[in-house]
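A.B. asks: could you look at this predicted model? Sequence included:
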Amino acid sequence: MKAAASGLNIASAALQIRRDEAQDRRRLILATPVLRERELMVFASVAATLAAALRERGADDRGALVTAEAMVAAFRVAFEYWGEHPDRELPQLVDETLEELKAALGSAAD
């Protein structure tokens, strides 16, 4: 999971550098149903890539897919929050959101 989180952090750092462009793209996607649908397909592809990487590192198929989907969902939550809070840095929000995911899953197991 650390390797996948590292990949999400690299992506978030790249987006942070191009914040204005990323935010313009976000607004366009939110306003265009066809682009929203395409964005969902992109995130599904990212999750599949993450799941494959996790499987290569020894995770079983179901565990890899669940972990990858959850991590992509956390990234999306962080990205949307970032769009509404321009004073925050995306890499930090990704880290915080992944920690919240871990905490939620840990408490759900109790």
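C.D. replies: Arrived safely.
A.B. asks: what number of residues lie near residue 87?
C.D. replies: By other Cβ atoms under 10 Å, 5 other residues sit near residue 87. (Each C-beta comes from the backbone N, C-alpha and C, glycine too.)
A.B. asks: just the one 3 residues further on next, same as before
C.D. replies: Here the count is done by other Cβ under 10 Å, and residue 90 has 24 residues near it.
A.B. asks: you'd agree it is up against residue 78?
C.D. replies: Yes. When contacts are counted by Cβ atoms under 8 Å, residue 90 is listed as touching residue 78 (6.6 Å).
A.B. asks: tell me the residues that contact both of those two, please.
C.D. replies: Residues touching both residue 90 and residue 78 (Cβ atoms under 8 Å, 6 or more residues apart in numbering) are residue 12.
A.B. asks: show me where pLDDT drops low in this protein?
C.D. replies: 108-110 (pLDDT under 70).
A.B. asks: mind listing what the spatially most central residue of it touches?
C.D. replies: In the chain, the residue lying closest to the centroid (Cα atoms, centre = their mean) is residue 75, at 2.2 Å. Counting by Cβ under 8 Å, 6+ apart, residue 75 touches 8, 11-12, 94, 97.
A.B. asks: tell me which of these is nearest to residue 58?
C.D. replies: For those, the residue nearest residue 58 by Cβ to Cβ is residue 8; the value is 19.6 Å.
A.B. asks: buried sites along stretch 89-106?
C.D. replies: 90-91, 93-95, 97-98, 101 (16 or more other Cβ atoms under 10 Å).
A.B. asks: please disregard the earlier target; I meant stretch 59-66.
C.D. replies: 59, 64-65.
A.B. asks: in which helix or strand would I find the nearest residue to residue 95 once chain neighbours are set aside?
C.D. replies: Distance criterion Cβ to Cβ, 6 or more residues apart in numbering; nearest residue to residue 95, sequence neighbours excluded, is residue 9 at 7.0 Å. Element membership for residue 9 (DSSP states H and E) is helix 2-17.
A.B. asks: next helix or strand past that helix?
C.D. replies: helix 19-31.
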